[in-house]
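S.K.: I'd like to go over a predicted model; first the sequence, then the structure.
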Amino acid sequence: MSRHRSPRGGGRRTSRNDGPLGPSQRQLRVGEMLRHALADILRENDIRDPDLAGVSVTITQVKPSPDMRYATVYCEPLGGAHAREVIAALNRHKGFLRGEMGHRIATKFTPDLRFVEDQSFAEAEKIETILKSPQVQRDLQADGEES
């Protein structure tokens with residue numbers, strides 16, 4: 001008699017991406033915990049870097065990897081000005097931020113951080129501009145008259 005074994009890991013996803021079903025409930029919960037911790041750290045600590053001096057940074061989302069060892073932090077400086085410099089400065093100080101986060105969160109590992117610019121605000125603004133364009137307004141009025 002042969003035994004039918006389940007795949008190694010019980011069918012768990014092994015890729016670093018979220019997979020077809022999206023992030024797990026645990027990833028969402030840990031991501032939100034990390035986002036709050038990073039926001040508190042950035043608000044309470046003065047990081048001595050000329051690129052971060054006087055800049056308010058919004059942490060919009062944190063996506064931890066399935067094994068929780070890495071986390072991608074989506075952030076945007078207030079107003080969106082000098083975003084590349086601010087993201088580079090945060091990546092330079094990620095060791096300090098990770099150490100501070102280790103004191104605040106209760107997880108087995110403190111994830112390695114990678115800061116990237118959140119493009120969602122720019123995309124939303126681009127869509128808003130397209131929707132307000134005269135060509136789209138003309139087409140919407142033409143559709144309304146035909147009905």
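M.R.: Nice, I can see it.
S.K.: Give the rounded mean pLDDT of the one helix or strand Leu42 maps to.
M.R.: Using DSSP states H and E, Leu42 maps to helix 25-44. Average pLDDT, helix 25-44: 91.
S.K.: avg pLDDT for the helix or strand just after it?
M.R.: Toward the C-terminus, helix 25-44 is succeeded by strand 57-64 as the next helix or strand (DSSP H and E). Averaging pLDDT along strand 57-64 gives 91.
S.K.: where exactly do the helices run in the chain?
M.R.: 25-44, 83-92, 94-104, 120-131, 134-146 (DSSP state H).
S.K.: now for those, which one comes closest to Met68?
M.R.: Smallest distance to Met68 across the helices of the chain (CB to CB): 6.0 Å, for helix 25-44. In this view, the C-beta of every residue, glycine as well, is placed from N, C-alpha and C.
S.K.: how far does the closest one sit from the chain's center?
M.R.: On the basis of CA atoms, centre = their mean, to the nearest Å, helix 25-44 sits 10 Å off its chain's mean C-alpha point.
S.K.: list the helices and strands it packs on?
M.R.: The criterion is 3 or more CB pairs under 8 Å, 6 or more residues apart in numbering; DSSP states H and E, and the helices and strands that helix 25-44 contacts are strand 57-64, strand 70-77, helix 94-104.
S.K.: just to revisit the earlier point, burial-wise, tell me which of the helices of the chain comes out on top.
M.R.: Highest mean neighbour count among the helices of the chain (mean count of other CB atoms under 10 Å): helix 83-92, with a mean of 18.
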